[in-house]
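>>> let me see the structure of the following:
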Amino acid sequence: MNQFTASRTVDETHQEPAESQPVTELYTCTTCDETYIKSDMEQCPQCDEAVEKTPTFAELGLGPDSRT
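Numbering: from 1, shown residues only. A predicted model of the protein is given here:
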């Protein structure tokens, strides 16, 4: 089963302006079947295998205006 691991806790009552928020992306380790939320990642912290960047909706050509 795929699990999500956050790299930091977000205080939902305090929102920073979009310009100052760090960009985070999803990275998946196919060996451990773990998904991580990080700003940059190359290796899985559990098994040291390479992780794959999970494509965003925009990178897949999907968005709020696209039709399925």
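>>> burial count for the residue nearest to V51 when sequence neighbours are not counted?
Nearest residue to V51, sequence neighbours excluded (Cβ to Cβ, 6 or more residues apart in numbering): Y27, at 4.2 Å. Bear in mind the C-beta positions are built from the backbone N, C-alpha and C, glycine included. Y27 sits with 22 neighbouring residues when counted by other Cβ atoms under 10 Å.
>>> quickly find the element holding Y27.
strand 25-29 (DSSP states H and E).
>>> which other helices and strands does that strand contact?
On a contact count with 3 or more Cβ pairs under 8 Å, 6 or more residues apart in numbering; DSSP states H and E, strand 25-29 meets strand 34-38, strand 52-53.
>>> picking that back up, which residues does the residue nearest to V51 form beta bridges with?
Beta-bridge partners recorded for Y27 (DSSP bridges): Y36, K53.
>>> coming back round to it: could the helices and strands packed on strand 25-29 be laid out in JSON lines, adding mean neighbour count?
As requested, the helices and strands packed on strand 25-29 are exported to JSON lines (neighbours: other Cβ atoms under 10 Å):
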{"stretch": "strand 34-38", "mean neighbour count": "18"}
{"stretch": "strand 52-53", "mean neighbour count": "13"}
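>>> between those strands, which one is closest to G61.
Closest of the helices and strands packed on strand 25-29 to G61 is strand 52-53, at 16.2 Å (criterion: Cβ to Cβ).
>>> give me the buried positions along the strand holding Y27.
26-29 (16 or more other Cβ atoms under 10 Å).
>>> alright, calling it a day.
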